[in-house]
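[1] Need the 3D shape of this:
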Amino acid sequence: MQEILVISEKENIILTVDDEIVAVVENENPLVVAVGLQGPSGPAGPAGSSIVSYIAGENLGGHKLVILNSLETALYASGNNINHVNKIIGITTGAAAVNTQAEIQTYGELYEPSWNWDISKPLFVGLNGVLAQSPPASGFIQQVASVITPVKIFINIQPAIVIA
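    Purely as a prediction, here's the structure:
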């Protein structure tokens, strides 16, 4: 924990953290010296990832690609739907029923023990929310993740390329 010390002199307030001066404030009125300790850290979030929550606009399965519609509800993304170009926001972390909260990971490592990805190929937008290792023949191509191991990916959504 960091020790925080505030020293008040007649002319200045000196704020130190772990014996380093971090602020000096001019003061016309003397204050009391106060010593305190920094509180405990909060719980750690997922390592190097970002998770957001939106209402599911339809029943969503876990580990599926989603977009947000104009009502900001999550729907399956499809690589053959040109309206989904550059609208992929992430991958669901679990299933969500329509009109309930869907947790969506937008970046970082994602693990699923049932996966068996080829580590030599990236992941693209497939059809109806499905992750695919082969780009589609029509619509648009958009890489959404890299494969780290057969059961772990790294989400990093790239810009789409329309192929018609």
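[2] At the geometric centre of this structure, which residue do we find?
    By Cα atoms, centre = their mean, the mean C-alpha position of the chain lies nearest to Ser50, the distance being 1.3 Å.
[3] Please point out which parts of stretch 138-147 sit buried.
    Of the residues in stretch 138-147, Gly139, Phe140, Ile141, Gln142, Gln143, Val144, Ala145, Val147 count as buried by neighbour count, 16 or more other Cβ atoms under 10 Å. The C-beta positions use only the backbone N, C-alpha and C, and glycine is treated the same way.
[4] Just put these in CSV and tack on distance to Asn83.
    Compiled in CSV, the buried residues of stretch 138-147 are given as follows (distance: Cβ to Cβ, whole Å):
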residue, distance to Asn83
Gly139, 10
Phe140, 10
Ile141, 16
Gln142, 13
Gln143, 19
Val144, 17
Ala145, 22
Val147, 28
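[5] So which of the residues you listed is the closest to Ile119?
    Val147 (4.9 Å; Cβ to Cβ).
[6] can you tell me which residues contact the closest one?
    By Cβ atoms under 8 Å, 6 or more residues apart in numbering, the contact list for Val147 reads Trp117, Asp118, Ile119, Ser120, Lys121, Pro122, Leu123, Gln133, Ile153.
[7] Tell me the one of those residues nearest Asn69?
    Closest to Asn69, out of all of those and judged by Cβ to Cβ, is Leu123, at 22.9 Å.
[8] That closest one - how many residues pack around it?
    Applying other Cβ atoms under 10 Å, we find 22 residues neighbouring Leu123.
[9] And Gln143, how far from Ser41?
    Using Cβ to Cβ, to the nearest Å, one obtains 35 Å as the distance from Gln143 to Ser41.
[10] and if you look at Ile119?
    35 Å.
[11] ok, the two, which is more surrounded?
    Taking neighbours as other Cβ under 10 Å, Ile119 and Ser41 compare with Ile119 leading, 11 against 7.
[12] Verify the contact between the more buried one and Pro150 for me.
    Yes: with contact defined as Cβ atoms under 8 Å, Ile119 counts as touching Pro150 (6.6 Å).
[13] Need the residues touching each of these two.
    Counting by Cβ under 8 Å, 6+ apart, no residue touches both Ile119 and Pro150.
[14] can you tell me which residues contact the residue lying closest to Thr149 once chain neighbours are set aside?
    Counting by Cβ to Cβ, 6 or more residues apart in numbering, Thr149 lies nearest to Ile119, which is 6.6 Å off, once chain neighbours are set aside. Residues in contact with Ile119 (Cβ under 8 Å, 6+ apart) are Val147, Ile148, Thr149, Pro150.
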